[in-house]
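>>> Model the structure of this input:
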Amino acid sequence: MYHARLKGSHYEMGVKRGKIFERGGIAFPLRLDEFQIAHGRESERILREFFPKVCEEIRGVADAVGADYLRFASWMLCMGCCMYNLEQNIPVEVRGCTAFACVTDGSGKSGGHTESRVLYGRNNDLSPYLRKGCKSEIYAPTGGNRFQITTSSFINGEEGLNEHGLAAAMTFVMTDLKKIRPGFNSCFIVRYLLERAKDTDQAISLLTELPIASNCNILLADKSGKMAVAECTPTVRRIREAESFEGGRIVCTVNSFTSDEMWGYDDAGGNDYDSHKRYKTVMDGFRKYMLCGQDPVEEAKRLLRGDYGFICQYDEEPDFETVWSSVFDLRSLVVCRAEGDPRRKKFVRDDRLCKVVGQS
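Predicted coordinates:
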């Protein structure tokens, strides 16, 4: 996994990234069909309206690598939305990933007592060829929040944590092509909220204003313990609150809609890498193990490693695996991450964000 630090104006950050791509000889397969070109152009107009600074970052990359800006932006806005037609398109559509946020109040059902914690955890499940391109990046943009974002792409991302202790993450939900609309894809939503919002309530407020391109779940959690999942379609969105148990609260999202009201909008037809099994593993694991009075961070790691049920065991799935696994402490801003299948790779502490924030 590539670890980068980016700071300054958005255009400057884009140029820096573009020069890194140039030095690495990285080329971009900007192959789009007519539907994708039209979707990308209309979505870029919306992105520029709501988040013009990130468009400048994209322009910086495009200028540095000698690409047409609008085609480059269109390609990025099709990711995780309608990049469906060619296997050699990068990235192809994916339907994995499990994410949760939880509060443990420290009481412990077994009579022990630990410090109250607010945690976020995730397994990011992708095709293995994307593993080498994954990145964990620290951003310090002029005029925006400082944040850490983890991504299989660049500029946008699947998950992140900002300087205010706000975590934001996405999970993909299949959308029929006829239902896709111009707007933000889920990975740009994550980037936008990390850079603009300070807490869950503000993030939800910002999210309600955004045109959204396709089905997705957006998980939000802040250091106060306020957490929710926004179940989103291009036309409907519903806020799902955390569930409470003795000793804590949790909210989880996978690659389907969990609310009864939203099931009819999910177009996966069950082809979602056992989403319901993964959801059950998280909810049962939290109730049985993370509330037992032991260290909840270590229990979260065990949960993500599959010690308590199916969550990352894709051994029978061709060309699919967990490419990274994360646990965030929202109060200390410390990240622990396994860069690969968490059954085989150790979780390593990453305190870059808390150090950057401590320098202010």
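
>>> Hmm, Pro128 is touching Pro318, no?
No: judged on Cβ atoms under 8 Å, Pro128 makes no contact with Pro318 at a distance of 9.9 Å. Every residue, glycine included, has its C-beta placed from N, CA and C.

>>> neighbour-wise, which of those two wins?
Pro128 (15 against 7; other Cβ atoms under 10 Å).

>>> longest helix in the protein, by residue count?
For the chain, the helix with the greatest residue count under DSSP state H is helix 34-50.

>>> Now do that helix: which elements does it pack against?
Judged by 3 or more Cβ pairs under 8 Å, 6 or more residues apart in numbering; DSSP states H and E, helix 34-50 is in contact with helix 52-65, helix 69-78.

>>> Could you pull out the buried residues of it?
36-37, 39-44, 46-47, 50 (16 or more other Cβ atoms under 10 Å).

>>> Just the closest of those to Glu137, please.
Among the buried residues of helix 34-50, Leu47 lies closest to Glu137 (Cβ to Cβ), at 19.3 Å.

>>> Check for me that Tyr308 belongs to a helix.
No: counting by DSSP: H, G, I helix; E, B strand; the rest coil, Tyr308 is not part of a helix but coil.

>>> Can you tell me the closest non-neighbouring residue to it?
Excluding the flanking residues, the one nearest Tyr308 by Cβ to Cβ, 6 or more residues apart in numbering is Gly285, at 3.9 Å.

>>> how many neighbours does that neighbour have?
The number of residues near Gly285, taken as other Cβ under 10 Å, comes to 24.

>>> Provide a list of residues in contact with it.
Applying Cβ atoms under 8 Å, 6 or more residues apart in numbering, we find Gly285 in contact with 299, 302-303, 308-309.

>>> Assign it to helix, strand or coil.
Using three-state DSSP, the structure places Gly285 in helix.

>>> What distance do you get for it to Asp307?
In this view, Gly285 and Asp307 are 8 Å apart by Cβ to Cβ, to the nearest Å.

>>> ok so, going back, could I get the buried residues of helix 34-50 as TSV with pLDDT?
Converted to TSV, the buried residues of helix 34-50 look like this (pLDDT from 0 to 100):
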residue	pLDDT
Gln36	93
Ile37	94
His39	96
Gly40	96
Arg41	97
Glu42	98
Ser43	98
Glu44	98
Ile46	98
Leu47	98
Phe50	98
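
>>> all helices for this structure, in order.
In the chain, the segments counted as helices under DSSP H are 10-23, 34-50, 52-65, 69-78, 186-196, 200-209, 275-285, 296-305, 352-358.

>>> quick one, which of these is nearest to Thr98?
Using Cβ to Cβ, the nearest of the helices of the chain to Thr98 is helix 275-285, at 4.6 Å.

>>> Can you list the buried residues in that closest one?
275, 278-283, 285.

>>> For it, what is the distance to the chain centroid?
Chain-centre distance of helix 275-285: 18 Å, with Cα atoms, centre = their mean, to the nearest Å.

>>> Which of the helices and strands packed on helix 34-50 sits closest to Arg117?
Comparing the helices and strands packed on helix 34-50 by Cβ to Cβ, helix 52-65 comes nearest, at 32.1 Å.

>>> Show me what the mean pLDDT comes to for that closest one.
What helix 52-65 shows for mean pLDDT is 98.

>>> same check, this time on stretch 216-230
So the average pLDDT for stretch 216-230 ends up being 98.

>>> swap in stretch 18-27?
Per-residue pLDDT over stretch 18-27 has a mean of 92.

>>> which residues sit against that stretch?
Counting by Cβ under 8 Å, 6+ apart, residues outside stretch 18-27 touching it are 4, 60-65.

>>> What of stretch 251-269?
Contacts for stretch 251-269 (Cβ under 8 Å, 6+ apart): 95-102, 169, 171-176, 179, 215, 217, 219, 221, 227-229, 231, 233, 236, 238, 240-243, 272-273, 275-276, 278-279, 282-283.

>>> contacting residues for Arg337?
1, 136, 150, 324-327, 347-348, 350.

>>> quick revisit: among the contacts of stretch 251-269, name the ones in strands.
Judged by DSSP state E, strands contain the following of the contacts of stretch 251-269: 98-102, 169, 171-172, 217, 219, 221, 227-229, 231, 238, 240-241, 243.

>>> I'd like to know which of these are buried.
Applying 16+ other Cβ under 10 Å to the ones in strands among the contacts of stretch 251-269 flags 98-102, 169, 171-172, 217, 219, 221, 227-229, 231, 238, 240 as buried.

>>> quick one, phi/psi of Tyr273?
Note on Tyr273: backbone dihedrals following degrees, to the nearest 10 are phi 50, psi 50.

>>> Tell me if I'm right that it and Thr322 touch.
No: using Cβ under 8 Å, Tyr273 is not in contact with Thr322; the gap is 10.6 Å.

>>> Looking at the two, which is more packed in?
Thr322 (29 against 19).

>>> contacting residues around the closest residue to Gly80 other than its chain neighbours?
Of all residues not flanking Gly80 in the chain, Asn185 sits nearest, at 5.0 Å (Cβ to Cβ, 6+ apart). Listed by Cβ under 8 Å, 6+ apart, the contact partners of Asn185 are 43, 77-81, 156, 213-214, 216.

>>> Same question for Ser326.
With Cβ under 8 Å, 6+ apart, Ser326 has these contacts: 120-122, 124, 150, 159, 335-338.
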